[in-house]
Every structure is written in structure tokens, then in C-alpha cells.
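> Here is the input, now give the coordinates:
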Amino acid sequence: MIVLVGASGSGKTSVAKELEKRGYSRVVTYTTRPMRDGEKDGVDYHFLSDEDFDAIEDSFAEHSTYRGWKYGCYISDKDINNKDSVVILTPKGMRRLLYPLYPKGIFTVYLDVDRGSRLIKMIQRGDDIEEAYRRNLSDVGMFDGVEDEVDFHIPNLEYSLSIKEIADIIERYYDYND
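All right, here's what the predicted structure looks like:
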């Protein structure tokens, strides 16, 4: 299983979708937030009502509330044991998944994009400016030192690497360490 970690706008979802095109199965997470244009239920997220989310919240490996919307990730043993699965987690979720047992076969990757570039990307993709700024600020400190906790750190200053290049790097390194 590949675990992708990165701040808002770092390209995690795009990389996961690229890996999915290459045969990986993305673990689809849950949210109560409204769908963005082009998103599909069961593909981008499982979109749930607050009540439905609350009913299954205890089974999530990671859950949080962000701007009033709830997010959660259920990871089954099948997902963990599947070399070809990929999931997006926060550093907190990654740590909860890994420690204290550190299941065999989990490969963690930190996508590291500079803050200014991420803010511009969020605005370009249509996020509300105030929301993009707030999300950018909320990530400050959350990723401090995470590069020392992951198996692979990919610095991508000013998006110098394309999504396909990042996926190529992940596949090469993941296959190499298998």
C-alpha cells in the first residue's frame, strides 16, 4: 500500500488518480462536504450526510472536521495487504496507521510543495480565495518534520515536477524497495 501525505494543493489527489490509471486501486475516503464540479460519489469521495458519517465514524482510521465538513478514512486489512492500493492521509492519520505495529508493506510518500505555489494552485482550481488562504494557514506546522518519518520525500518546489513524473518516481522507488 502506498500512503500519500502532503499539504492542501500539493498534488496528492492528482498523483493518486495517476497511479489509479496505472492499475493501482485508490482507497476512497468519506466526507460530508459538497461535491466540487467534476467530482463523483464513490470515485473522488464517498459523500455522506452528517448523520450517516456519525454512524460509521468509529470505524475510521482517521477522521477530522474541517470548516464544518467531516472527513474520514476507513482502511481495511485488504487495503493494507494490497501492494497496489494507494491512500491519501494527513501526518496524523499516517502515524495512526503505522504505529505502534508498522504493518509490513506500507510505503509512505511526502509530496512537498512550497506554500506560495500551493495557494496559487488552490485559487486556480476554483477554491474560494479566503478558504484557500485559511487551508494554507491551517497546514502550517502540521507537516514539520514529516520528511523524516516517511519512506520517500519528494520536494516539488513551484511544481517543477509533473504529476506523471511524480508517479514515475513513486513507482520506480516503490518497486525497487519491494
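
> in whichever helix or strand Ala16 is part of, what's buried?
Per DSSP states H and E: Ala16 is located in helix 12-21. Neighbour-count burial for helix 12-21, counted by 16 or more other C-beta atoms under 10 Å, picks out Lys12, Thr13, Ser14, Val15, Ala16, Lys17, Glu18, Leu19, Glu20. For the C-beta atoms, the positions are set from N, CA and C on the backbone; glycine is no exception.

> now the residue lying closest to Ile166 once chain neighbours are set aside: how far from Tyr110?
Leaving aside its sequence neighbours, Ile166 sits nearest to Val15 (C-beta to C-beta, 6 or more residues apart in numbering; 5.3 Å). With distances taken as C-beta to C-beta, to the nearest Å, Val15 is found 12 Å from Tyr110.

> For Tyr110, list the residues it contacts.
When contacts are counted by C-beta atoms under 8 Å, 6 or more residues apart in numbering, Tyr110 touches Val5, Gly6, Phe143, Val146, Glu147, Val150, Phe152, His153, Ile154.

> Format these as CSV; extra columns: distance to Glu62.
Output for the contacts of Tyr110, formatted as CSV (distance: C-beta to C-beta, whole Å):
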residue, distance to Glu62
Val5, 11
Gly6, 15
Phe143, 15
Val146, 15
Glu147, 20
Val150, 16
Phe152, 20
His153, 21
Ile154, 21
